[in-house]
Every structure is written in structure tokens, then in C-alpha cells.
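Chemist: From the sequence below, what's the structure:
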Amino acid sequence: MRMGKYEMGRTLGEGHFGKVKLARDADTGRTFAIKILDRQRILAMKINEQIKREIATLKLLKHPNVVRLYEVSASKTKIYMVLEYVNGGELFDKIALKGKLTEKEARKLFQQLIDAVAYCHEKGVYHRDLKPENVLVDAKGNIKVSDFGLSALPQNQLKDGLLHTTCGSPNYIAPEVLLNKGYDGSMSDIWSCGVILYVMLTGNLPFDDQNVVVLYQKILKGNAHIPKWLSQGAQHILRKILDPNPIMRIDVDGIKAHEWFKKGYAPAVPFNDDEEDISMDVDSLNMTEHNGIQDKIAINQMNAFQLIGMSSCLDLSGFFEKELKVIQDCKGLANSRGQESLLISAEVFEINESLYVVELKKSSGDCSLYRKLCETLSEDLGTCKSQQFLKQDSIRQEIGRYNSSF
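Modeler: Numbering: from 1, shown residues only. Down below sits the predicted model:
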């Protein structure tokens, strides 16, 4: 199978909107990863802005520690993104295999991560979803930051100079993002880098809980347990990065000046701006812009955090006050034969006197009935963007590693 000059090979991975295939340039023999996206699914799921944002972002970035985008083209049914092939897997898998990394190894990877993030910030790009699953490792052990689908550009900032979209992955999200009062994209990325460093050094998450509300309480308080068996330098830099106050948090320059960070540090050199420029047929993508909407991601694939954060009026600072948890099993919704065929568990959290978060989970029964119930609830709760409400059997997925899809 061929796509232009590329010979298509095995499938590297599959997602909700397409697949990624290994490919070889028939002229040079060089290998690439080609992301093949289904246009109908993109339009149906209304994620065209997310795709365009990722393409526009990757077009800006030419750094040894960032996955490169080389070419974009489209047919009537598909969009093709020709990406750098990184054959070492995810940083998550590397950590999981070893349990934790040595300080020397973790420092080297962290130096590369900070180099990549600093370069992105210089280009006006804020990743907003940094986690080990979005950091790839090549055959030489060097990292490549990937997945810029939730990234933000300068034009996404409002008049106050801050970002306001609540997005990210629960365990890696910065506390100021949870407060929904606007945040500095560079400082929120630094927080996520600190969580990644903590995971590399200890093999554990600094903030974790099966209950998402309790998890956010921990993040907002920012009282991470720093193991005493780490070196003094490692302990100090972790405390400086994982400061819940973004004003007091150490920035990129401070990190690069830190004694622990500087050991063996060899800064990466970005590629020239005119090197291997991207061939992009943007017009053929035919994805409609939504005028007047800034910093908004219309996406039907989200995690539990994004579900809770969909409401623009949601201020999670109320998590400090009190929590009400109610678990109720609901039976009913008879099928055509008059039999009860659906069992649902509901958890209700009181954020404040006028705001509640409800989590639903299908314990057993017909999936189609569950979807119908969710559609009905979605219509009833339409005032808070709940048209993207639950479309899968459970929102309680493995928060640390996988995003739930709705």
C-alpha cells in the first residue's frame, strides 16, 4: 500500500479518529509515522479545531526534543500527517519497566524535557497536557514531546494575558488551572514537568486518589511527600516546582540555574527555521473556523477532569470547604419485554451550596439503554455545555494512565 512516495507498513496504533502507520520513503528509505485521520469522524465529533490547532502548532516547532511534523495532505475522506517516527515507546513504559529511574538518568531526561518546553514557550506554544504518556523516547534514549492537541497559542489568550480553558490530565494538572480564574500557560506546564520528574525519581505520583474530588483537594493544597532518600538537590528542585502558588513557583530560568539541574547539562540546539519546511495542503483540509471563539476545544473524547471542568462557572476552590458523597443504585428503565435491565451507580459531590458534580457509572445492563439515559440527561442539563455528557459505560477509568472517552 502506498500514499504518494510513502510505502505503508504495519499499524503502530489506533485511536477513535484513525490510526498511525509505519511508513517508508520509497526514495530515501527513511521511516516515518503517518497519522491517518478519518474526516467524517472528525467532523461528526466536531474536533476539527483541535486537529487544525495541532497542525498549526507542530508547524512552528523544530526542536530535537519535540516530535516533528514533516508533511500534511488530505483526500476526500482522510487527512494524513507525516510525523517523525520515534521507536523507543513512551516515557511511561520506561518508568513502569524499571519502577523508577536513577537520579542521573532522570536528570538527563528532565533536562531535555525542560529544553523542549522552554523552546515551545519561546514560540508562544503552551502544551497543557504534559505527562509521561505524551513524552516519547527514541532508540538513543532521548525524549520527544508529542501530542499537542490541547496546546494553546498566543491568540488563545484573553485580554488579561491568561488562558482560561480548563484542560489536561488529572494527576498532572496545575492547581491554578483547577481554580478556573485564568492561568499562565508557561507556569502550568512547569508544574506538569515537576510531576513528571517526581514520577521518574520515585515511581509514584505526588498527588493521587481514586476519588477525583479528593485528588483535586490534594493538588490544590500542594503538600507532596518528597522522599528523604532523594538527594538534597532533587528534593529542593521538586519543592520549588511543585509550589501550588504559581507566583512563587520556580520558572524555566530558575530551573536551568539550579545546581541539581546543571550537572552534565548540554543544551539542545533547535533546528534552523528553514530546515525541512513542512509541505502542507491546508486548503484541502476544509475544516471550518469558528469565528469569535478563542481557547475552546470542541472535543468528545475527554477524561473525568475535563467533564468536571466543562462548566465555565466552575470554581474548584470550593473543594477545600466540604464534600458530600452519595451513592445510589437506580433500577428501572424496563426494556421492551417489561424487564428491568439497567443498574446505575451515581456519586454526587457538593462543591458549594449551589453546585454539585454528579458521576454516573453503569454497573450492569444494556449499553444502549444507558446511552439513551445519558442523552436524556444531556438534554436536561444543556445549560452547562452538557451536550458532551457521558457517552460511555463509565467515567471512572484509570485516571493516571488513560483518558476516558465520551
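Chemist: only C-alpha atoms for contact and neighbour calcs from this point on.
Modeler: Will do.
Chemist: So, low pLDDT: which residues of the stretch 101-250 of the chain?
Modeler: Where the stretch 101-250 of the chain drops to pLDDT under 70, the residues are 155.
Chemist: if I pick Ile255, what's in contact with it?
Modeler: 237, 261 (CA atoms under 8 Å, 6 or more residues apart in numbering).
Chemist: from here on, count from 346
Modeler: Okay, using 346 as the starting number, the last item reads as Ile600.
Chemist: Name the helix or strand for it, please.
Modeler: Using DSSP states H and E, Ile600 maps to helix 597-602.
Chemist: Then Ser418?
Modeler: Ser418 belongs to strand 414-419, assigned by DSSP H and E.
Chemist: got the contact list for Thr447?
Modeler: Residues counted as contacts of Thr447 (CA under 8 Å, 6+ apart) are Leu546.
Chemist: Give the pairing partners of the strand holding Ser418; include direction for each.
Modeler: strand 423-429 (antiparallel), strand 624-625 (parallel) (DSSP bridges).
Chemist: Distance to Leu575, mean pLDDT and mean neighbour count added to the ones you listed, as JSON lines?
Modeler: As requested, the strands paired with strand 414-419 are arranged in JSON lines below (distance: least, CA to CA, whole Å; pLDDT from 0 to 100; neighbours: other CA atoms under 10 Å):
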{"stretch": "strand 423-429", "distance to Leu575": "35", "mean pLDDT": "93", "mean neighbour count": "20"}
{"stretch": "strand 624-625", "distance to Leu575": "47", "mean pLDDT": "51", "mean neighbour count": "16"}
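Chemist: any idea which helix is longest in this structure?
Modeler: helix 448-467 (DSSP state H).
Chemist: Go through that helix and flag the buried ones.
Modeler: Neighbour-count burial for helix 448-467, counted by 16 or more other CA atoms under 10 Å, picks out 448, 451-466.
Chemist: next one: stretch 480-491
Modeler: 480-483, 487-491.
Chemist: likewise stretch 502-522?
Modeler: Quick answer for stretch 502-522 (16+ other CA under 10 Å): 502, 508-522.
Chemist: just how off-centre is stretch 387-397 within its chain?
Modeler: 16 Å (CA atoms, centre = their mean, to the nearest Å).
Chemist: ranges for the helices of the stretch 446-595 of the chain?
Modeler: Secondary structure of the stretch 446-595 of the chain (DSSP state H, counting those that start in this stretch): helices at 448-467, 520-523, 530-547, 557-566, 577-586.
Chemist: how about those, which one is nearest Met353?
Modeler: helix 448-467 (29.6 Å; CA to CA).
Chemist: CA atoms only for stretch 407-422, dumped as PDB, please.
Modeler: Taking C-alpha atoms only, stretch 407-422 is exported to PDB below (Å, rounded to 0.1, in the frame of the first residue of the first chain):
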ATOM      1  CA  LYS A 407      11.600  22.400  15.100                       C
ATOM      2  CA  HIS A 408      13.500  21.100  18.100                       C
ATOM      3  CA  PRO A 409      15.400  17.800  18.700                       C
ATOM      4  CA  ASN A 410      13.200  17.000  21.700                       C
ATOM      5  CA  VAL A 411       9.900  17.700  20.000                       C
ATOM      6  CA  VAL A 412       8.200  15.300  17.600                       C
ATOM      7  CA  ARG A 413       8.500  16.800  14.100                       C
ATOM      8  CA  LEU A 414       5.700  17.200  11.600                       C
ATOM      9  CA  TYR A 415       7.000  16.900   8.000                       C
ATOM     10  CA  GLU A 416       4.000  16.900   5.800                       C
ATOM     11  CA  VAL A 417       0.300  17.200   5.800                       C
ATOM     12  CA  SER A 418      -2.100  16.300   3.000                       C
ATOM     13  CA  ALA A 419      -5.700  15.200   2.500                       C
ATOM     14  CA  SER A 420      -8.000  13.300   0.300                       C
ATOM     15  CA  LYS A 421     -11.800  13.400   0.300                       C
ATOM     16  CA  THR A 422     -12.000  11.000   3.100                       C
END
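Chemist: tell me which residues in it are buried?
Modeler: So for stretch 407-422, counting by 16+ other CA under 10 Å, buried means 407-419.
Chemist: Over to stretch 364-379?
Modeler: Applying 16+ other CA under 10 Å to stretch 364-379 flags 365-370, 376-379 as buried.
Chemist: Same list, those, but as CSV with distance to Lys566, secondary structure and pLDDT please.
Modeler: Output for these, formatted as CSV (distance: CA to CA, whole Å; DSSP: H, G, I helix; E, B strand; the rest coil; pLDDT from 0 to 100):
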residue, distance to Lys566, secondary structure, pLDDT
Val365, 40, strand, 92
Lys366, 43, strand, 93
Leu367, 44, strand, 95
Ala368, 47, strand, 96
Arg369, 49, strand, 95
Asp370, 51, strand, 95
Thr376, 46, strand, 95
Phe377, 43, strand, 96
Ala378, 41, strand, 94
Ile379, 42, strand, 94
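Chemist: Could you work out the most separated pair of the residues you listed?
Modeler: Val365 and Asp370 (15.6 Å).
Chemist: where do the strands sit along this protein?
Modeler: Secondary structure of the chain by DSSP state E: the strands cover 347-348, 351-360, 363-370, 376-383, 414-419, 423-429, 480-482, 488-490, 624-625, 670-679, 685-697, 700-710.
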